Structure formats: structure tokens, C-alpha cells
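**Student:** Below is the sequence, then the predicted model.
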Amino acid sequence: MAKLNEAQPSVVVNERWVVLVAGLGLMLAIWSALGSPLPRFEEGEVAIAYVNDVPITQEEYARALEAIRADATHTLTQKDKQRALDVLVREELLVQRAEQMGIVKTDRTIRKAIVDAMMISIRTEERAAEPTDAELTEFLAKAPGLFQKPAALALMAARAPTPDAATALEKALRAGAPFEEAVEEAGAEMLPLPEGALALSKVQDYLGPTLTARVAIQKAGDIVGPVQSPNGSYFVWVLGREESAPKSFEDMRPVLAQEWRRRREVEAVLAYFARLKKAASIEVIDEALHD
């Protein structure tokens, strides 16, 4: 089978630990209860409280109440309402304290949680869009073969172990000699490929990704080679292609819409990063890292 291209004071440490553990526990509880990231405070929203001048909005409070209501077996009481507000105040106090202590900037676990939450928020905003038939038709037109099953190929392949054998085999094939006969006369060897048409994934199992990529775009009757590798030169004869039957738009639509949404989410994330980068002041000190 041939393949190709293959030291701080203890009181500070204790305080950081307590804040970190408590913060993570409370954030996990709030996240579990409230689900998606809380909305940002924007102009026009009503603040029901301020924590060191940072507003807690009516919408945040309503979401916290709804989380409690969903888990309660009784009508919400004044105590429940106070508990919802207390949760939001404690969360804000912990976030502010973590920022003061530098935990948000230095603790990798928290930094990753923040990044993950931001990525979810960005993608969620874009995910609300549902593609129209016109948008999907335009998307498909730009990549017509993207959702079609690749052709299956019937192949013969050989390996020439030395440069001389590769030269002799190439010369014989160019002269029109039958493939198997040319392989034998050149001192090369046939590769044990199964008979019949093989899916490209199966071809790659035998020939490796580089040679498979070359073979995949050939027509029936074409010969690929020599393709050099550390253990010889390879030649592949495409005996035949079996093209898959084209699918109708309706059959492809669910997968097409899923890929359309995925790409829109990627574009949204990249555009968001571009806006942040444009508004930021970024200085690269190491000259070797400049473009």
C-alpha cells in the first residue's frame, strides 16, 4: 500500500482564590439559569440599580426573574424579586473586583470563558437570519460543485522505485504502450488497488492526499505521473469516472442553508474583529512580527 505526502503575600493569594472560586461558581449558576449572554446596556434602556456607576438594566432584571420563575413552584414573592436583584449585584461586584485584581486579564480560564461568551454572542446575533431561496441560489451558483457527491474513480497505479525506472515508464507510456506492459518492462511495480470505482476518500487511503488531489480532476483515460516521493515515482491511470447524479435544489436546501448560515457566522465574527481592531490602538514591538 503506497502513500504520498504523508511570589505574592499569602493574604493576597487567599483573596484571589476565594474571589476566583466564588466568581466561577456564581457565574456558572447564573449562566445556567439565564442561558445566553446578558444584553449590553444601550441608550434608552432603563437602569434599576447602579453598582459603582455600572448600570443593571430592567431587561437584565427581568431575565433573572424569569429564570427564578421557571424554577419556582409558587408565585414570585418580594423575597424572590430581591433575590434576583441580589444575584445581579453580586455578579457585578465580583466582575469589578476581578478586574481590579487583574484576574480577568491574567487568568486563562476566565479569559477563555469571556472569549467563548463573546463568540456565542456574535454568532447568535447573526444566526437570527434565515436565508431566502434567492440567497441560497446565488450562494450555490458561486460554488456549483460544493454540495454534489464527488465522482468515483476506477484506477490503476504503479510505483517506479528508481529514477531510471521512472524515466523508462514515462517514455513507454508517452509512446502509447499499455499501462501494465509498460510497468513491467520499466521494472516498476503495480499497486494493489481494488477493482471497480472507488470513492475519493477510499482513493486517498491508498494513494495519499497529494496524488488523490491530482487524480480527482482528471478525465477517463488520463495518466498522472510521474509524481515524486521519497520512496519512488508514482503513475496513475484513470480508467473511468462515475459522476454522481445532480440533486435538486429542494433536496440540497437543508444542507445548503446550514452551510450558508455557518459562513455568515464566520463572516460576522471576522467583521466584528475587524471593527474592534480598527477602533483599537495596537502596537507591535517585535519588528520581526510586522508584515
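**Tutor:** That came through, no problem. Numbers count the residues shown, from 1 in each chain.
**Student:** In this protein, where's the longest helix?
**Tutor:** Identified as the longest helix of the chain according to DSSP state H is helix 249-279.
**Student:** Give the other helices and strands that that one contacts.
**Tutor:** Packing partners of helix 249-279 (3 or more Cβ pairs under 8 Å, 6 or more residues apart in numbering; DSSP states H and E): helix 108-127, helix 133-142. Using the backbone N, CA and C atoms, a C-beta is placed for each residue, glycine as well.
**Student:** Just send the ones you listed back as TSV, with mean pLDDT, distance to residue 266 and mean neighbour count too.
**Tutor:** As requested, the helices and strands packed on helix 249-279 are arranged in TSV below (pLDDT from 0 to 100; distance: least, Cβ to Cβ, whole Å; neighbours: other Cβ atoms under 10 Å):
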stretch	mean pLDDT	distance to residue 266	mean neighbour count
helix 108-127	76	9	13
helix 133-142	83	14	13
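**Student:** any weak-confidence spans in this structure?
**Tutor:** Scanning the chain for pLDDT under 70 picks out 1-45, 72, 126-129, 144-149, 245-246, 282-291.
**Student:** pretty sure residue 234 belongs to a strand, no?
**Tutor:** Yes: assessed with DSSP: H, G, I helix; E, B strand; the rest coil, residue 234 lies in a strand.
**Student:** Contacts only, for the nearest residue to residue 257 once chain neighbours are set aside.
**Tutor:** Residue nearest to residue 257 in three dimensions, not counting chain neighbours: residue 131, with 5.3 Å by Cβ to Cβ, 6 or more residues apart in numbering. Each residue near residue 131 by Cβ atoms under 8 Å, 6 or more residues apart in numbering is listed here: 139, 257, 260-261.
**Student:** before we move on, the earlier item: switch the helices and strands packed on helix 249-279 over to JSON lines; also include distance to residue 267.
**Tutor:** Listed next are the helices and strands packed on helix 249-279 as JSON lines, based on distance: least, Cβ to Cβ, whole Å:
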{"stretch": "helix 108-127", "distance to residue 267": "8"}
{"stretch": "helix 133-142", "distance to residue 267": "12"}
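**Student:** between those, which gets nearest to residue 60?
**Tutor:** helix 108-127 (14.3 Å; Cβ to Cβ).
**Student:** circling back: I'd like the secondary structure assignment at the residue nearest to residue 257, please.
**Tutor:** What three-state DSSP gives for residue 131 is coil.
**Student:** and it, backbone torsions?
**Tutor:** Note on residue 131: its backbone torsions stand at phi -70, psi 140 [degrees, to the nearest 10].
**Student:** what about it, distance to residue 150?
**Tutor:** Going from residue 131 to residue 150 by Cβ to Cβ, to the nearest Å gives 25 Å.
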